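# build me a model from this:
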Amino acid sequence: MTLTTRILIAMVGGILVGSLLNLMVSGSGISETLRAGIQDMLIGGVFDVVGQIFIASLKLLVVPLVLVSLICGASSLGDSARMGPIAGKTLLLYLMTTAIAVTVALFAAVIIGPGTHVSLETNAVFEATSPPPLKEVLINIFPSNPVQAMAEGEMLQIIVFALLFGYAISHAGEAGRRIASFFTDVEKVVMRMVAILMSLAPYGVFALLAKLFAEMGVSAIMDLGVYFLTVLGVLLFHGLFTYSVLLQVLAKQSPRIMMRKMRSVWAFAFSTASSGATLPITLRTVEKRLGVNNSVAGFTVPLGATVNMDGTAVMQGVATVFIAQVYGFDLSLTSYLTVILTATLASIGTAAVPGVGLITLAMVLGQAGLPVEGIALIIGVDRLLDMVRTVVNVTGDATVAVIVARSEQQFDEQVYLNPDADRNPEADEDDSRIPGREPA
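Numbering: from 1, shown residues only. You can find the predicted model right below:
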């Protein structure tokens, strides 16, 4: 059984088990002792412990993987004068896809009108955290202490330091070549750690989804059905149609092949709801299965996990119109344009962690002159939508990586077309480099 199949089985099993436990706990047919045991020992105990360990293990690899991959990529590109064009293409594509996402979301929400028949009654409370201004975001991109940036997981600062360090390596002569060789070996070791973790992924995915659906159940979707389906529909449209068109037009590649090879990444993204936590899996898939050279993948994918938040932009677009309709506000053309611009720029400073889209939504609503407390209306279903948003985000990262690599002749089409490329992540072709392992 392939890893993708095992993860998909774990996803379905986690959703079914979690929903069943939710019905048991919320029902009246069981004793209080049994109910407390299920909640404390199983849901809040076993499932929570396994899920949290899985998330922590993923996050463990993020900083070293981003640092090492970017250093390797920058050091191989630094002396070829291609770093600037690659960076420019990557940022342009990310901002373009985000602008398309929020525009389509606004258009769909205006036509469907998800907030026209929703009551204002809600018991949810949302304490808005003021997001930093754009000026502060731009300044904070550049680290004053790279070690502190790594300790605190400040991804933009890590990216800047790694790019500068890699560029310096490429211009340091013989010493630089020795250091570059060291980081190349370190990257192989880190990717081996990713492969080991992937083999344990089904257990973590099952625990995360079982806990989530045991706590929320499927009834949360029914309360905001039209809003939920509107966001979900736009997310699916953007993830399956927009990226497919870009891949077909700009990279001349079949979208079906990429979608088929991204299934395991989608499973990770859906279960963790974090582009950052999924980053090790995304990077490995883009390199090993989609044929993107490490010099491009090592730059585009980590950067995308930080600045490419198309799924979040979709939510912000639909939520803005939804809240405006609920409160009876008529948005002008200027307001819509402001939402598009704000949501696009806000994606740059959005952390790749679950739930952060609600914070940036507060900024978007403020710019549009809408009440921030309206966010309380959508909190109930945002966690489930956040999981789908992350799937869209990682798909965008992979799409841009393929397009940029193709334009830079850093793309192996034979790997992309090969359906069996790296299908077994637990056995790398370079096992002979690991002590105690012999070539097959």
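# count of neighbours near the nearest residue to Gln39 once chain neighbours are set aside?
Spatially, and ignoring its direct neighbours in sequence, Gln39 is nearest to Val25 (6.1 Å; C-beta to C-beta, 6 or more residues apart in numbering). Using the backbone N, CA and C atoms, a C-beta is placed for each residue, glycine as well. Counted by other C-beta atoms under 10 Å, the residues lying close to Val25 total 18.
# shouldn't Val25 be in contact with Gly37?
No: the criterion here is C-beta atoms under 8 Å, and Val25 misses it with Gly37 at 10.2 Å.
# could you measure from the spatially closest residue to Val301 that is not a sequence neighbour over to Asn140?
Excluding the flanking residues, the one nearest Val301 by C-beta to C-beta, 6+ apart is Leu283, at 4.8 Å. Leu283 sits 24 Å away from Asn140 when distances are taken as C-beta to C-beta, to the nearest Å.
# which of the helices or strands spans the residue lying closest to Ala267 once chain neighbours are set aside?
Among residues not flanking Ala267 along the chain, Ile7 sits closest, at 4.0 Å (C-beta to C-beta, 6+ apart). Under the criterion of DSSP states H and E, Ile7 resides in helix 3-26.
# now Ala151
Per DSSP H and E, Ala151 falls inside helix 146-152.
# show me what the helix or strand following that helix is packed against.
Counting by DSSP H and E, the next helix or strand C-terminal to helix 146-152 is helix 155-170. For helix 155-170, the packing partners by 3 or more C-beta pairs under 8 Å, 6 or more residues apart in numbering; DSSP states H and E come out as helix 48-77, helix 146-152, helix 173-199, helix 294-307.
# report the buried residues of the first one.
To tie it back to what came earlier, the one meant is helix 48-77. Of the residues in helix 48-77, 48, 50-51, 54-55, 57-59, 61-77 count as buried by neighbour count, 16 or more other C-beta atoms under 10 Å.
# also the shortest one?
By 16+ other C-beta under 10 Å, the buried positions in helix 146-152 come out as Pro146, Ala149, Met150.
# what does that helix rub up against?
Here helix 146-152 makes contact (C-beta atoms under 8 Å, 6 or more residues apart in numbering) with Val63, Leu67, Pro143, Glu154, Gln157, Ile158, Phe161.
# and Gly328, its phi and psi?
phi 80, psi 30 (degrees, to the nearest 10).
# next, format the helices and strands packed on helix 155-170 as a markdown table and append mean pLDDT and distance to Ile375.
Converted to a markdown table, those look like this (pLDDT from 0 to 100; distance: least, C-beta to C-beta, whole Å):
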| stretch | mean pLDDT | distance to Ile375 |
| --- | --- | --- |
| helix 48-77 | 78 | 25 |
| helix 146-152 | 86 | 26 |
| helix 173-199 | 83 | 34 |
| helix 294-307 | 82 | 23 |
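# closest to Ala267 out of these?
helix 173-199 (10.3 Å; C-beta to C-beta).
# so the closest one versus helix 294-307, what angle?
Using axes from the mean of the first three to the mean of the last three C-alpha atoms, to 10 degrees, the inter-axis angle of helix 173-199 relative to helix 294-307 is 60 degrees.
# re the thing from before, contacts only, for the residue nearest to Gln39.
So Val25 contacts Arg35, Ile38, Gln39, Ile43, Ala214 (C-beta under 8 Å, 6+ apart).
# do that again at 7 Å, thanks
Contact analysis of Val25 by C-beta atoms under 7 Å, 6 or more residues apart in numbering lists Arg35, Ile38, Gln39.
# among those residues, which lie within helices?
Within those, residues falling in helices by DSSP state H are Arg35.
# next up, phi/psi of Leu200, please.
phi -100, psi 0.
# that one: neighbour count?
13.
# what stretches of the stretch 301-440 of the chain score poorly on pLDDT?
345-360, 363, 373, 376, 379-380, 422-440 (pLDDT under 70).
# mind doing that once more with 80?
For the stretch 301-440 of the chain, residues meeting the criterion pLDDT under 80 lie at 306-307, 327-328, 331-335, 338, 341-384, 420-440.
# now the helices for the stretch 251-400 of the chain?
Counting by DSSP state H, counting those that start in this stretch, the segments of the stretch 251-400 of the chain that form helices are 255-261, 263-272, 275-288, 294-307, 310-327, 333-346, 357-368, 379-407.
# closest one to Val194 among these?
Per C-beta to C-beta, nearest to Val194 of the helices of the stretch 251-400 of the chain: helix 275-288, 4.4 Å.
# for that closest one, packing partners?
In terms of contacts (3 or more C-beta pairs under 7 Å, 6 or more residues apart in numbering; DSSP states H and E), helix 275-288 is packed against helix 48-77, helix 173-199, helix 263-272, helix 294-307, helix 379-407.
# tell me the most buried of the ones you listed?
Comparing the helices and strands packed on helix 275-288 by mean neighbour count (mean count of other C-beta atoms under 10 Å), helix 294-307 ranks first with a mean of 26.
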